[in-house]
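Peer 1: Show me the folded form of this:
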Amino acid sequence: MKTEKAQKLLELVRNNYQDIAVDFDATRKKEIWPEIRIFVEKVKAGDNILDLGCGNGRLLEALKEKDIKYLGVDNSLELISLAKNNYPSQKFIVGDILALNNNAEIIAGAYDLIFCLAVLQHIPSKELRIKVLKDMSAKLKSGGEMIISNWNLWANKKYRPQLIKNYFLKLIGRNEFDANDLIFPWKNSRGEEKTNRYYHAFAEKELKNLARTAELQVVFLKKDKYNLWLVLKK
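Peer 2: Purely as a prediction, here's the structure:
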């Protein structure tokens, strides 16, 4: 994918989250995914946790009984403001997952666990995804792990026909995006379409290949009806 196109897609995602921040906050106050509660069992007292793409801070619902040091990072000023309001005792900063090494508050080699939930799916191009994984890896302590989730869009019958169509259009040079890329509208809790958002539909093999290229080890990979769950370490 051309750099200019990737930047436009990143801007589309950023603007979408800015526009829907209040509605997004409201929809993310439901019961957290049960898988997250399972992964949170990895968290030990005193652990240093980095939550990339933290949104409104929802992960803290599963961490509230844990004695930890937490840092939430998101590139949406509106969502960070909501997160600070939701969890005033925790630390949140505005930051870009594509510029982790430029942020002095995100310390190299400092984190026992990095959570990156429903974020990588919004990063366009293989090159940028590999960069994100490598930069995240640099923030881990020795023995630390990254817990990553992505929507399992291939399992959704609503999106599968468009994904197949886009794949064949790519083969004949009529798709300016990468194969398995989608743009579709975000809907609020009332089912109203707001603004468009970019997604990449991952497959298990692709995630394994990304991890290998980023020189990371796959600890765990699971696909369910809604998500792909991935745990990586150095």
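
Peer 1: Let me see the mean pLDDT of stretch 179-189.
Peer 2: Averaged across stretch 179-189, the pLDDT comes to 84.

Peer 1: export that stretch as CSV, just CAs?
Peer 2: Extracted C-alpha coordinates of stretch 179-189, given in CSV (Å, rounded to 0.1, in the frame of the first residue of the first chain):
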residue,chain,number,x,y,z
ALA,A,179,-6.4,-7.5,0.4
ASN,A,180,-8.7,-8.1,3.4
ASP,A,181,-9.2,-4.4,4.0
LEU,A,182,-12.6,-3.0,4.7
ILE,A,183,-14.2,0.4,5.3
PHE,A,184,-17.7,0.4,6.9
PRO,A,185,-19.7,2.7,9.1
TRP,A,186,-19.7,2.6,12.9
LYS,A,187,-23.2,2.4,14.5
ASN,A,188,-24.2,3.8,17.9
SER,A,189,-26.3,2.0,20.4
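
Peer 1: ok, and what's touching it?
Peer 2: Outside of stretch 179-189, the residues within contact range by CB atoms under 8 Å, 6 or more residues apart in numbering are 12, 16, 20, 23-24, 26-27, 124, 153, 159, 162-163, 166-167, 170, 193-203, 206. C-beta coordinates here come from the backbone N, C-alpha and C atoms, glycine included.

Peer 1: Can you tell me which of these are buried?
Peer 2: 12, 16, 20, 23-24, 124, 153, 159, 163, 166, 170, 197-202, 206 (16 or more other CB atoms under 10 Å).

Peer 1: So which of these are in helices?
Peer 2: In helices, defined here by DSSP state H, the members of these are L12, N16, I20, D23, F24, L163, N166, K170, E206.

Peer 1: Tell me which two in these are the farthest apart.
Peer 2: Using CB to CB, these reach their maximum pairwise distance at D23 and K170, which is 32.5 Å.

Peer 1: so where is this structure shaky, pLDDT-wise?
Peer 2: 25-31, 189 (pLDDT under 70).

Peer 1: which strand is the longest one in it?
Peer 2: strand 140-151 (DSSP state E).

Peer 1: which other residues reach stretch 36-46?
Peer 2: For stretch 36-46, contacts defined as CB under 8 Å, 6+ apart pick out 49, 59, 62-63, 66-69, 112-113, 115, 117, 145, 147, 229, 231.

Peer 1: I'd guessed S137 sits against A214; true?
Peer 2: Yes. If you go by CB atoms under 8 Å, S137 and A214 touch, sitting 6.6 Å apart.

Peer 1: the helices in this structure, which residues?
Peer 2: Under DSSP H, the chain gives helices at 3-27, 34-40, 60-63, 77-86, 126-139, 160-171, 204-213.

Peer 1: Mind listing what's buried along the fourth one?
Peer 2: Going back to what we said before, that points to helix 77-86. E78, L79, I80, L82, A83, K84, N86.

Peer 1: so how far is stretch 77-85 off the chain centroid?
Peer 2: Remark: stretch 77-85 is offset 17 Å from the chain centroid, using CA atoms, centre = their mean, to the nearest Å.

Peer 1: repeat for stretch 117-124
Peer 2: Worked out by CA atoms, centre = their mean, stretch 117-124 lies 4 Å from the chain centre.

Peer 1: Determine how far the last residue of that stretch lies from the first.
Peer 2: 16 Å (CA to CA, to the nearest Å).

Peer 1: Sort out which residues of that stretch are buried, please.
Peer 2: By 16+ other CB under 10 Å, the buried positions in stretch 117-124 come out as L117, V119, L120, Q121, H122, I123, P124.
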